[in-house]
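Undergrad: quick one, what's the 3D model for this:
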Amino acid sequence: MQSDTVPVGAGECKTPDIIQIDYVKNITNKQRKENNMGLDMYAYKVKKEEVAYWRKHNRLHGWFEKEYHKANPNEAGDFNCKDFYLTEEILDRLEKDINSKTLPKTAGFFYGDDSYSYTAEEIKDMKAYDLAFVANAKKILEEGDHIAYSCWW
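TA: Numbering: from 1, shown residues only. Sure thing, here's the model as predicted:
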């Protein structure tokens with residue numbers, strides 16, 4: 001079980017060197033870097049083992065950004081290349097907001113189109129991927145590891 005104190009704050013921003021399936025299509029890290037510039041988002045164990053990868057899922061990013069600033073009200077600057085360590089309570093709120101489709105609309109230069117403006121099939125796949133991430137993240141916490149969200153834009 002995870003301790004009550006969870007480290008929150010800035011960390012090193014580094015792209016993991018593994019292949020991960022994203023909710024739209026299979027891509028490799030090489031292909032990720034060949035795509036246009038944009039909002040790249042990661043969730044990983046503290047060991048920097050990638051657990052999930054999203055590409056321009058701006059509503060999810062906006063949700064994490066708001067949660068980060070609630071947990072770190074004195075933290076100044078952009079929410080970029082900062083590790084946000086997740087708790088079971090945070091993941092429960094995320095799961096609720098994914099299921100109720102209430103992730104906040106979030107705009108930014110690199111963020112792409114609104115996450116809820118994709119096709120119905122893409123939104124369904126994105127929701128399934130997001131919920132699978134939440135379930136996996138909760139399992140990681142139960143195993144006593146920490147899990148963090150980070151982005152790089």
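Undergrad: show me what the helix ranked longest in the chain is packed up against.
TA: The single longest helix within the chain, with elements called by DSSP state H, is helix 120-142. Here helix 120-142 touches strand 40-45, strand 50-55, helix 88-99, strand 147-152, going by 3 or more C-beta pairs under 8 Å, 6 or more residues apart in numbering; DSSP states H and E. C-beta coordinates here come from the backbone N, C-alpha and C atoms, glycine included.
Undergrad: now do the first one, average pLDDT.
TA: In this model, strand 40-45 carries a mean pLDDT of 75.
Undergrad: what of stretch 114-122?
TA: On average, stretch 114-122 scores 89.
Undergrad: who touches that stretch?
TA: 23-24, 56-60, 101, 103, 105, 107, 123, 126 (C-beta atoms under 8 Å, 6 or more residues apart in numbering).
Undergrad: in it, what counts as buried?
TA: Buried residues in stretch 114-122, counted by 16 or more other C-beta atoms under 10 Å: 115, 118.
Undergrad: what's the first-to-last distance across it?
TA: Counting by C-alpha to C-alpha, to the nearest Å, you get 12 Å between the two ends of stretch 114-122.
Undergrad: swap in stretch 66-83?
TA: Distance between the two ends of stretch 66-83: 14 Å, counting by C-alpha to C-alpha.
Undergrad: could you pull up the mean pLDDT of it?
TA: Average pLDDT, stretch 66-83: 90.
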